[in-house]
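**Q** I'll drop the sequence and a predicted model, then ask my questions.
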Amino acid sequence: MEARRWLKSQYEGVGLEASIDGVGNVLGRSKNPGKALLVGSHSDTQPTGGWLDGALGVIYALEVARALASDKATAGLPVDVVSFQDEESRFVGCLGSRSLTGALTPDMEEGAMDKDGISMADAIKQAGLAGAARVKLSRDRYAGFVEAHIEQGPTLEDTGNRIGVVTGIVGLRGIRFVFKGQQNHAGTTMMKTRRDASTALYELAHRINTEFPTAAAERTVWTMGRLKVEPNATSIVPGYADLDLQFRDASDAPLDALEKIAGRIVTEMNARGGVKIEATPARAPIPPTLMDEGLRKHLEAAAEKHVPGKWMRLPSGAFHDAGIISSTLPSAMLFIPSIGGISHDFAENSRDDDIVLGCQVLADAVASALTEGVRA
Ligand code: GLV
Ligand code: MN
Ligand code: MN
């Protein structure tokens, strides 16, 4: 919250009307007339995540607002800025952008809890935001949304490109598997009779890794990055385990197919008796989305002006608030290269000259979209 208050004061410092809304989004509204462009990203991060994922686009937006306001030619352009809350799923992935578009349902909020057992409702209260209004974006105010971000993958670096213009953003689904067996003594419980929750977890995970490739498309990915085995002790047959599966693709068909495979594996394993497996779909899936072509053209033209021939169009395998906002406003994204393609790790970094270039390209694209109209 201290960082959010700091950001709010920075927004005010460049002449914007700033507020923190009821879920923690920080918004800065331009006082200039006309349909505004919203620019920004998120400022939360992953546990042990890097310094640029999200924050880069937040600070770019502030700098774009500042730069355009300080140049007579662009000072009258209406640029609003935003720092979204909780893109990374402490409670609900893309919480802030979902709230701004009206896509945050009571179902998603109810029972939303972080990994330490703190509920979202309590966190909002503790942050002093329980009474704050939940802002909604309106198409009457906005011409569109632009988000800048690090690529978080190796494509730009591998191809020697300096700027990426995003064509579309992956969709994401998740399933939580809960395994209920019988906790028991690891020495006296025979292999035939034990109901070992962890063995069932390992079997299911292995079957997912061997059966998913049969239905995966070229860029389909899946991850089992969080699991729990209880009581997690060497001499105890675990009676309980749970596992999160996440899978992503740019279209729905492979995701539907993978969901079916996971369901069949659970049915087959449950039919054997022993450990009981429950599968619950993640409460906040993200649909695959395409970025707006009219807005993209302004990013492409600005990239071509700054680094002719050294930019490319590419899809995003990471999800972003722009995917959520695109349901309400024409949306586009710009990427800068990530060194070694590393992200969601402390080692995440980008070259200083790429960081500077990305902001210049963004500022030019925002100015041209507002001057010439978003629909090129
Ligand atoms: C967003 O941070 C993602 O996991 O793609
Ligand atoms: Mn991230
Ligand atoms: Mn991000």
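**A** Perfect, thanks for sending it. Ligands and ions are numbered 1, 2, ... in the order given.
**Q** and this protein, which of its residues are near ligand 3?
**A** Residues of the chain that fall close to ligand 3, judged by CB under 5 Å from the ion: 53, 54. No exception for glycine: its C-beta is placed from N, CA and C like everyone else's.
**Q** give me every residue in the chain lying close to ligand 1.
**A** For the chain, the residues in contact with ligand 1 (CB under 6 Å from any ligand atom) are 88, 318, 319.
**Q** could you redo the last one with a cut-off of 8 Å?
**A** Within the chain, the positions near ligand 1 by CB under 8 Å from any ligand atom are 46, 53-54, 87-89, 93, 152, 170, 172, 248, 317-320, 344.
**Q** now the farthest one out in this protein, which residue is it?
**A** residue 188 (46.8 Å; CA atoms, centre = their mean).
**Q** who touches that residue in this structure?
**A** Listed by CB atoms under 8 Å, 6 or more residues apart in numbering, residue 188 has no contact partners.
**Q** and it, which helix or strand is it part of?
**A** In the assignment (DSSP states H and E), residue 188 maps to no helix and no strand.
**Q** now it: how far from ligand 3?
**A** As judged by CB to the ion, to the nearest Å, residue 188 and ligand 3 stand 50 Å apart.
**Q** relative to the whole chain's centre, how far out is the lowest-mean-pLDDT helix or strand in the chain?
**A** Every helix and strand of the chain was ranked by mean pLDDT, DSSP states H and E. The lowest is helix 106-109, at a mean of 92. Centroid separation for helix 106-109 versus its chain: 18 Å, with CA atoms, centre = their mean, to the nearest Å.
**Q** I'd like to check what contacts that helix. Which residues are they?
**A** The contact list for helix 106-109 (CB under 8 Å, 6+ apart) reads 92, 98, 120, 121, 283, 284.
**Q** mind checking which of the residues you listed land in helices?
**A** Secondary structure defined by DSSP state H assigns 98, 120, 121 of the contacts of helix 106-109 to helices.
**Q** OK, now which residue of this structure is nearest to ligand 1?
**A** residue 318 (3.4 Å; CB to the nearest ligand atom).
**Q** and what about that residue, helix, strand or coil?
**A** Following DSSP: H, G, I helix; E, B strand; the rest coil, the label given to residue 318 is coil.
**Q** what's around it, how many residues?
**A** 20 (other CB atoms under 10 Å).
**Q** list the contacts of it.
**A** Here residue 318 is in contact with 149, 152, 153, 169, 170, 343 (CB under 8 Å, 6+ apart).
**Q** what's near enough to touch residue 336?
**A** Contact analysis of residue 336 by CB under 8 Å, 6+ apart lists 56, 148-151, 156, 162-164, 350, 354-355, 357-358.
**Q** can you check residue 230 too?
**A** 183, 197, 238, 239, 240, 241.
**Q** quick one: average confidence on stretch 63-81?
**A** In this model, stretch 63-81 has an average pLDDT of 97.
**Q** just the buried positions in it, please.
**A** 63-69, 74, 77-81 (16 or more other CB atoms under 10 Å).
**Q** what does it rub up against?
**A** Here stretch 63-81 has contacts from 11, 14-16, 27-30, 32-40, 58, 61-62, 141-142, 359, 362-363, 366-367, 370-371, using CB under 8 Å, 6+ apart.
**Q** alright, that wraps it up for me.
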